Each structure stands twice: as C-alpha cells, then as structure tokens.
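J.: structure, please.
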Amino acid sequence: MAGLAVAAQQGARLPRDLLVSSTLERIGVSAAVDAQSSIETTTDASAPPPAEQLIVNVRFTNSSEQVLDSLRITSPVPPELRYVAQSASGPGTDVLFSVDEGRSFGRPEELTMATPDGVRGADAADYTHIRWILRAPLDAGALGVVRFRAVPR
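T.: Below is the predicted model:
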C-alpha cells in the first residue's frame, strides 16, 4: 500500500534505538488473532462492516540496551484509505490525530477544517496522521503494537 510509513519520535534518542514497522491486514484474515489480542478496539455504529475494513498494525521494538522515554509513534493514514472513527488503539497510549499532514495533532474535538463558509469540526475522514503517545517508558528489548482500522476511499 503506497504511503504506509511510520515515524517514531523521541526526545534525545536516535531513531535507530527504536525499530518500527507496519503491516496492513484484511479484517477477515486477522479476526481470530484480533479476538485473542489484549488490545481493545472499538468502532462506532456507523462504521462499515468488518469485511470491508483493513487493520493497519504498527509494531515497535526498543532495540537498545536502555529504557526509552517520551515516545511518540506516528503513522500516516494512507491517501487511498479512510480512517474508521474510534478505531485507533494501543495499550498504555494516548491517541491524537492530524488533519494537516502531521504538522499538528489534537484530540478529535479539538480539530477543525477550513471551508468556503468558515470553519467546521473535523471528522474521521479528514484525518491524515495518527499519533500514539506512550504513557510509560519502553524497556530495553520491549516491543509493542498500536493499530487502527481503515476502509478504501
């Protein structure tokens, strides 16, 4: 899938300390794994049926011998996909969204879009990037996964 890349940002640490990769799965293929996962996902009632949804998994590993603190994992929503509202998840994280190609981030209720008539609140279809902020340090050798659901545009 074109445009599927992730970035990890962290205070003074070099990016080589954190290995980050992403995968794209059809929900029908991963449903059994998802059901056993410790990561809780929620979707709103207006979301497309699961058979039409994809899961973007972002895996990260602390490859250093030191604890990494203040980590932020950022993933674009590929341009050919539309984010499914309320589907971003990751244990021990706070989730923020961007509607301006990752220049700024906020909670859904904080995001706005300019229109010819003024300004409106942004919705899930407007999100261009998702950022997970880890609430706790990542131990040496530890790994984690964050994810979100999307549908083709």
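J.: SS state for residue 140?
T.: Secondary structure for residue 140, judged by DSSP: H, G, I helix; E, B strand; the rest coil, is coil.
J.: which parts of this protein are strands?
T.: Applying DSSP state E to the chain gives strands spanning 7-10, 18-26, 54-62, 71-76, 81-83, 93-98, 112-115, 118-121, 129-134, 143-152.
J.: going by mean pLDDT, which of those strands comes out lowest?
T.: Of all these, mean pLDDT reaches its minimum on strand 7-10 (a mean of 52).
J.: bridging residues for residue 114?
T.: Taking DSSP bridges as the rule, residue 114 bridges to residue 119.
J.: what do you get for residue 57?
T.: Beta-bridge pairing of residue 57 under DSSP bridges involves residue 23, residue 147.
J.: what number of residues lie near it?
T.: The number of residues packed near residue 57 is 18, by other Cβ atoms under 10 Å. C-beta coordinates here come from the backbone N, C-alpha and C atoms, glycine included.
J.: surely it meets residue 23?
T.: Yes. Using Cβ atoms under 8 Å, residue 57 is in contact with residue 23, at 4.9 Å.
J.: spatially central residue for the chain, please.
T.: The centroid of the chain falls nearest to residue 130 when counting by Cα atoms, centre = their mean (4.4 Å).
J.: got the phi/psi numbers for residue 85?
T.: With angles defined as degrees, to the nearest 10, residue 85 sits at phi -50, psi 140.
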